[in-house]
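Visitor: Predicted structure and sequence below. I'll ask about it afterward.
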Amino acid sequence: MKKIVRNKNYLQNLANIGLLILFVLIITACSQTETTPANSTQQPTEETTYWPAAGWSTSTPEEQDMDGEKLQQMMDLIDEQGFAYDSVVVVRNGHIVFEQYRNGYSQNRRHHLQSATKSFSSMLIGIAIHEGFIGHVNEKLVDLLPEHPIANMDARKENVTLEHLLTMSDGLDWHELDYPYSDPRNTLGQMWVSDDAVQHVLDQPMVREPGEAWVYNSGTSILLGGILEQATDGDVLSFAREYLFDPIGIGEVYWEKTTGNHYHTDGGLWMTPRDMARFGYLMLNNGTWDGREIVSPEWIEQSSQAHYLTSSGNGYGYQWWTMEHGIYAARGHYEQNIYVIPQADMVVVFTGAVPDDVLHPTDGLTYSYILAACNDLPEDATRQEYDNYGITIEYPAGFSILESPQPGTTSLDNSSGILQLRLDSYPFELIQVMWSEAEPGLDPLVYFDQVIESMLQQSGVEYSPGTSWESTMDRHKVIHQYFDFADHGIQLRGVTGVWYCDETGRVVAFSYATNPEVSDQDLKTRYLEHLDSLACHEVR
């Protein structure tokens, strides 16, 4: 129901400021991120023998090869920062190993899932196909809703398929993220006050060929509900109860309705966090629950792999968001999230009321604390390596990647370029490497001052240089300097290092920036950890 690319302007400002302050005189929005999400097909290593029948089994983190102290550190951070999370549930190897509630919530209190509802609606379509109510994902929208007259019909709309709806590649003229929900131009807001939500979405004109591009459209989820009603000759909740909720032990739920007496299949579902975890556990086990195939493994595979790259830098499957290392998630506004992590045999649930005026931390908490708490995972589960253009750097999982040519150039190559690694979470982290051809004998400090001066003249950023120091790296003399900056209310702290690489004939600038409250010592530690993993030339 609510937008997924939350607080987009704030993220965009952070990205743009980071690029400016780290010597990049270009404008970059979140929609330009070029992350290639990993294929999230699940490959379980052994058959599940435990199923939460009447209730979940509990275990200590240590009994499931996890560091309980690391998980508690996550909660301490949540409390210190005042993040409005209502629950955190971690399931590993089929057991609840960590469970915390805040703000009056408990195991038995239902929570509004917001747009995480979409992933349930997608699953119900998969079950309807599995049970023979619907043929396949290539069926045409016009054939699936034959009783509805459809306005603005053209050849493009005639070719919209069920899969286009599942992947939000429908091609409809839809403006959900462009304007506030209160703006009359917001298409979702228009749907809320229409006479019939399904009809409202159907009647929208087309602006592109179906399948051409991904655009966030909650209306596709409303159409999934309408299709399910038509195919089963019943209502969504009754179908869900019979074919999904009862078979996997989900208790009482509440499912809101929208206009036209349709179920709110884009964001109206309420259930307990433990039941949210059951749904994730079904996904984790390839659609099978205690010997019963609820939905086909092929459906789980298609749902959890990236069909499109989205404006947030994540991939999008069948109403599921895909991330690095095979992780995928059901996401809802105000931080309702169900993470499925096959490599760790883990399901993670967050619920909350985190407002839009803060940088949402959930992905970072999952990568930096929960996944990092697993003691038995291979190193590449939490770390990954970039190796291109003569630059090698190891960086944490979950970071998005952007490669760019330098301003004034048209191509990215070994002679010049920019690499940016960014975690749009809390703590916000930006790592950037910039390289340029240079003459031998270049004084890095002079170069540093010239670039900063040029940047300030064009950006208007309030830049405050801090103390500096020198060191050596692979025989290179490196000039390091702290900095603080502010722009449009956004404040970050960072460190930049500049050096001349004799082996490649390039000057290299390496920068790290994060939230302003970090201490000098912690900032320097993080900066050096990243810098130590970087190589600017092949070390023989």
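Guide: Nice, I can see it. Nothing here was measured: the structure is a model prediction, and the numbers come from that model.

Visitor: what are the pairing partners of the helix or strand harbouring Ile338, and which direction each?
Guide: Element membership for Ile338, per DSSP states H and E: strand 336-341. Take DSSP bridges as the rule and strand 336-341 pairs in its sheet with strand 328-332 (antiparallel), strand 346-352 (antiparallel).

Visitor: Show me the helices in the stretch 1-150 of the chain, by range?
Guide: 8-21, 68-81, 117-130, 141-144 (DSSP state H, counting those that start in this stretch).

Visitor: Packing partners of the shortest one?
Guide: With contacts defined as 3 or more C-beta pairs under 8 Å, 6 or more residues apart in numbering; DSSP states H and E, helix 141-144 has these neighbours: helix 155-158, helix 162-166, helix 219-232. Every C-beta, even on glycine, is put in place using the N, C-alpha and C of the backbone.

Visitor: Helix or strand with the lowest mean pLDDT in the protein?
Guide: In the chain, the helix or strand scored least confidently by mean pLDDT, DSSP states H and E is helix 8-21, which has a mean of 38.

Visitor: Adding mean pLDDT as columns, could you present the strands paired with strand 336-341 in CSV?
Guide: Compiled in CSV, the strands paired with strand 336-341 are given as follows (pLDDT from 0 to 100):
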stretch, mean pLDDT
strand 328-332, 97
strand 346-352, 98
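
Visitor: Output the ones you listed in CSV; the columns should cover distance to Pro297.
Guide: Output for the strands paired with strand 336-341, formatted as CSV (distance: least, C-beta to C-beta, whole Å):
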stretch, distance to Pro297
strand 328-332, 15
strand 346-352, 17
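
Visitor: Now render those strands as a markdown table, adding mean neighbour count and distance to Thr258.
Guide: Formatted as a markdown table, the strands paired with strand 336-341 follow (neighbours: other C-beta atoms under 10 Å; distance: least, C-beta to C-beta, whole Å):
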| stretch | mean neighbour count | distance to Thr258 |
| --- | --- | --- |
| strand 328-332 | 28 | 16 |
| strand 346-352 | 27 | 22 |
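
Visitor: Nearest to Leu282, out of those?
Guide: Shortest distance between Leu282 and the strands paired with strand 336-341, using C-beta to C-beta, is found for strand 346-352: 9.5 Å.

Visitor: Name the residues that touch the closest one?
Guide: Residues outside strand 346-352 that contact it (C-beta atoms under 8 Å, 6 or more residues apart in numbering): 83-92, 105, 111, 273, 276-277, 280-281, 283-284, 334-341, 362, 365-366, 370-371, 374.

Visitor: And the contacts of the helix or strand just after it?
Guide: Following strand 346-352 in sequence order, the next helix or strand is helix 362-365 (DSSP H and E). Helix 362-365 is contacted from outside by 74, 77-78, 323, 335, 337, 350, 354, 398, 423-427, using C-beta under 8 Å, 6+ apart.

Visitor: now the helices for the stretch 351-500 of the chain?
Guide: Assignment of helices within the stretch 351-500 of the chain using DSSP H, counting those that start in this stretch yields the ranges 362-365, 444-459.

Visitor: hmm, who's touching stretch 248-263?
Guide: Applying C-beta under 8 Å, 6+ apart, the set of residues contacting stretch 248-263 is 52-54, 110, 191-200, 222, 225-226, 229, 235-237, 240, 244-245, 264, 268-272, 275, 278-279, 281-282, 289, 294.

Visitor: Can you tell me the closest non-neighbouring residue to Ala486?
Guide: Nearest residue to Ala486 in three dimensions, chain neighbours excluded: Glu462, at 4.6 Å (C-beta to C-beta, 6 or more residues apart in numbering).

Visitor: My error: substitute Ile327 in the last question.
Guide: Per C-beta to C-beta, 6+ apart, closest to Ile327 is Ile341, 5.1 Å.

Visitor: Nearest to Glu437, out of the strands paired with strand 336-341?
Guide: It's strand 328-332; of these, that one is closest to Glu437 (C-beta to C-beta) at 41.5 Å.

Visitor: distance between that closest one and the chain's centre?
Guide: 8 Å (C-alpha atoms, centre = their mean, to the nearest Å).

Visitor: Now do it against helix 117-130, angle only.
Guide: Following axes from the mean of the first three to the mean of the last three C-alpha atoms, to 10 degrees, one obtains 120 degrees for the angle between strand 328-332 and helix 117-130.

Visitor: Please tell me how far the residue nearest to Ala486 sits from Gln432.
Guide: Distance, Glu462 to Gln432, using C-beta to C-beta, to the nearest Å: 19 Å.

Visitor: Could you do Leu224 as well?
Guide: Taking C-beta to C-beta, one finds Leu224 at 41 Å from Gln432.

Visitor: Kindly report the same for Arg475.
Guide: Distance from Arg475 to Gln432, by C-beta to C-beta: 23 Å.

Visitor: who's more crowded, these two?
Guide: More neighbours surround Gln432 than the other of Arg475 and Gln432, with 24 against 9 (other C-beta atoms under 10 Å).

Visitor: Against Ala513, how distant is that one?
Guide: Gln432 is 8 Å from Ala513, by C-beta to C-beta.

Visitor: So which residue is dead centre in this structure?
Guide: Asn314 (5.2 Å; C-alpha atoms, centre = their mean).

Visitor: which ones are touching the nearest residue to that one once chain neighbours are set aside?
Guide: Leaving aside its chain neighbours, Asn314 sits nearest to Trp321 (4.9 Å; criterion: C-beta to C-beta, 6+ apart). Taking C-beta under 8 Å, 6+ apart as the contact definition, Trp321 lies against 4, 310, 312, 314-315, 328-331.
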